[in-house]
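>>> pasting the structure only:
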């Protein structure tokens, strides 16, 4: 698993709902692998069942300051992505509040530049 694969999954099966980025999938094996991947990058996330009656679809939601890290890893040094998804995510970033500046200090200049960019 790498960030190019994750970016493709986010472009295809991801969304921003109530300013929370998430990926929805029917593969529990993918959810577990993705969760380990996010944990390695210190990205806070939760896993939930999308349809509790059928128990066949999973959401992985990016939480807290992990939303800044996830954005950075998805889009930094990449030129292949859905522009509308990046725009929606960038718009949502403006509403996020940093809780642990130490966690994102190294990427803060990139995030501030992205937030201030005009499309």
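Arrived safely. Note that the structure is predicted; figures quoted are calculated from it, not measured.
>>> now do the SS call for residue 42.
Here residue 42 is recorded as coil under DSSP: H, G, I helix; E, B strand; the rest coil.
>>> identify the residues contacting it.
Taking CB atoms under 8 Å, 6 or more residues apart in numbering, we find residue 42 in contact with 66, 69, 103. Placement of C-beta: from N, CA and C, glycine included.
>>> neighbours around residue 106, how many?
For residue 106, the count of nearby residues is 10 (other CB atoms under 10 Å).
>>> can you tell me how far it sits from residue 76?
Distance of residue 106 to residue 76, given as CB to CB, to the nearest Å: 11 Å.
>>> looking at this, residue 59 is in a strand?
Yes - inclusion of residue 59 in a strand is indicated when three-state DSSP is applied.
>>> now residue 33: how far from residue 19?
26 Å.
>>> before we move on, what about residue 88?
10 Å.
>>> need the pLDDT of residue 97.
pLDDT for residue 97: 77.
>>> low-confidence stretches in the protein?
Scanning the chain for pLDDT under 70 picks out 51-55, 118-119.
>>> now do 90
17-19, 26, 48-57, 65, 77-79, 86-87, 89-119 (pLDDT under 90).
>>> spatially central residue in it, please.
The structure's the chain has its C-alpha centroid closest to residue 70; by CA atoms, centre = their mean the separation is 4.4 Å.
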